[in-house]
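# the following comprises the amino acid sequence and a computationally predicted model.
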Amino acid sequence: MEDRGKKRIQWHPGFVTGINLELGGYESSIVQEREYNLNTKPLAIDVLLRKKPGRKKTGAEIPDNEIARIFRRYNIVEYKSPDAHLDMNTYFKANSYACLLKVYGYKGEAIKETDITISFVRHAKPKRLLACFKKMGMEVLNPNPGIYYIVGKNIFPLQIVVTRELDLERHTWLVALSGRLEKEQVRRILQKAESLRDEREKELADSVLQVCIAANRKIVEELKGEESMCQALREIMKPELEQSRKEGLEEGIERGIERGIGVTVSILRGLGQTEESIKESIMENYALSQDAAEKYMAV
């Protein structure tokens, strides 16, 4: 049974910023459209990566990124969080999205089926799905660690990205989207974040790191004791710490006001003022309602 008290990890927003960072050097050639609606709201693609007009269809202009080598003009990317299934239903759903994109076009622009690709991104290797592909007569190629091409009967080029198998240095922000990281991996991810100098990249990385930290709390607590990691964690968790401090201050102020009202009531009673007069006084000086004032009077 799901622990209702446990904060739910927002994997998908983390993935959206992670893929943004993954392809961050190619803003001039790729446009990211989150939850692109094909027709009605339920038919929303997780991420549509669209190459700008005039770019090559093969993805040859991005040779140093294994994930993008398969890309053409329109690239459907479906992300599965660590606790979600990637099965044949997901495969057929993504293909239906691709077919609908071909039928409807993009904002009045006709699309060729040869302009569309499909990518699945998931933490763990979907062994059963890959086995199903092989039974269907498809070939599963593994040209790079974590990258699987499904070749054969597909209408659209298809790849599966297994983030657990990706190289951490080359694909830091996708690898970070896991709740099963090792301490050394978390340390290197934090070091990578601390080394960022571009403000936009730092902002995007922070979104991924919030997910990473929430999913790997035990390791993060251990790293807090390391002097080299302490400053990096403080910077990353600064918004969270500031919020906690703000809540603490607000709670402290509220308690201080409550004590002040209690002392005022005691002093006025000691001076022999009537209960009605005391109630009117604290209502006026502390902006209390009549019901709230009566509660303080009853203490």
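Okay, I see it. Numbers count the residues shown, from 1 in each chain.

# could you use CA atoms for every contact and neighbour count after this?
Will do.

# residue 66 contacts residue 145, correct?
No. Shown here, residue 66 and residue 145 do not form a contact pair, counting by C-alpha atoms under 8 Å, at 9.1 Å.

# those two: which has the busier surroundings?
Using other C-alpha atoms under 10 Å, the more surrounded residue of residue 66 and residue 145 is residue 66, with 18 against 14.

# quick check: residue 87 vs residue 127, distance?
The gap separating residue 87 from residue 127 is 10 Å, by C-alpha to C-alpha, to the nearest Å.

# who's more crowded, these two?
residue 87 (14 against 11).

# any idea how far residue 119 lies from residue 67?
Taking C-alpha to C-alpha, one finds residue 119 at 9 Å from residue 67.

# repeat for residue 105
In terms of C-alpha to C-alpha, residue 105 sits 24 Å off from residue 67.

# likewise residue 88?
22 Å.

# in what element of secondary structure is the nearest residue to residue 182 once chain neighbours are set aside found?
Spatial nearest neighbour of residue 182, excluding adjacent residues (C-alpha to C-alpha, 6 or more residues apart in numbering): residue 219 at 7.7 Å. Assignment of secondary structure by DSSP states H and E places residue 219 within helix 217-223.

# so which of residue 105 and residue 67 has more stuff around it?
Neighbour tally, residue 105 and residue 67, criterion other C-alpha under 10 Å: the higher count belongs to residue 67, 23 against 14.

# buried stuff in the helix or strand where residue 186 lies?
Per DSSP H and E: residue 186 is located in helix 183-195. Within helix 183-195, the residues scored as buried using 16 or more other C-alpha atoms under 10 Å are 185-190, 193-194.

# wait, residue 87 sits on residue 129?
Yes. With contact defined as C-alpha under 8 Å, residue 87 reaches residue 129; the gap is 5.5 Å.

# give me the number of residues near residue 259?
12.

# which SS class is it?
The three-state assignment at residue 259 reads helix, by DSSP: H, G, I helix; E, B strand; the rest coil.

# low-confidence ranges in the stretch 51-200 of the chain?
Applying pLDDT under 70 to the stretch 51-200 of the chain flags the ranges 54-63.

# try 80
52-64 (pLDDT under 80).

# quick one: the helices in it?
Along the stretch 51-200 of the chain, counting by DSSP state H, counting those that start in this stretch, helices occupy 88-104, 127-135, 172-175, 183-195, 199-215.

# redo these as JSON lines? Include distance to residue 82.
Converted to JSON lines, the helices of the stretch 51-200 of the chain look like this (distance: least, C-alpha to C-alpha, whole Å):
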{"stretch": "helix 88-104", "distance to residue 82": "15"}
{"stretch": "helix 127-135", "distance to residue 82": "14"}
{"stretch": "helix 172-175", "distance to residue 82": "12"}
{"stretch": "helix 183-195", "distance to residue 82": "17"}
{"stretch": "helix 199-215", "distance to residue 82": "10"}
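
# ok, the buried residues of helix 183-195 vs residue 137, which is closest?
The closest of the buried residues of helix 183-195 to residue 137 turns out to be residue 185 (C-alpha to C-alpha; 37.1 Å).

# which ones are touching that closest one?
Applying C-alpha atoms under 8 Å, 6 or more residues apart in numbering, we find residue 185 in contact with residue 168.

# please repeat the previous calculation with a cut-off of 7 Å.
Not one residue lies near residue 185 by C-alpha atoms under 7 Å, 6 or more residues apart in numbering.

# also the one 4 residues further on?
Residues touching residue 189, when contacts are defined by C-alpha under 7 Å, 6+ apart, comprise 172, 176.

# can you confirm residue 47 is in a helix?
No. Read with three-state DSSP, residue 47 is strand and lies in no helix.

# on that earlier part again, between the helix holding residue 186 and helix 199-215, how many degrees?
Here helix 183-195 runs at an angle of 150 degrees relative to helix 199-215 (axes from the mean of the first three to the mean of the last three C-alpha atoms, to 10 degrees).

# how far does helix 183-195 sit from its chain's centre?
17 Å (C-alpha atoms, centre = their mean, to the nearest Å).

# do the same with stretch 95-113
With C-alpha atoms, centre = their mean, you get 27 Å for stretch 95-113.

# distance between the ends of that stretch?
End residues of stretch 95-113 are separated by 11 Å (C-alpha to C-alpha).

# check which residues of that stretch are buried.
Result for stretch 95-113 [16+ other C-alpha under 10 Å]: buried residues 95, 97-99, 101-102, 111, 113.

# stretch 111-123 too?
By neighbour count on 16+ other C-alpha under 10 Å, the buried set for stretch 111-123 is 111, 113, 115-123.

# contact partners for residue 176?
So residue 176 contacts 189, 212 (C-alpha under 7 Å, 6+ apart).
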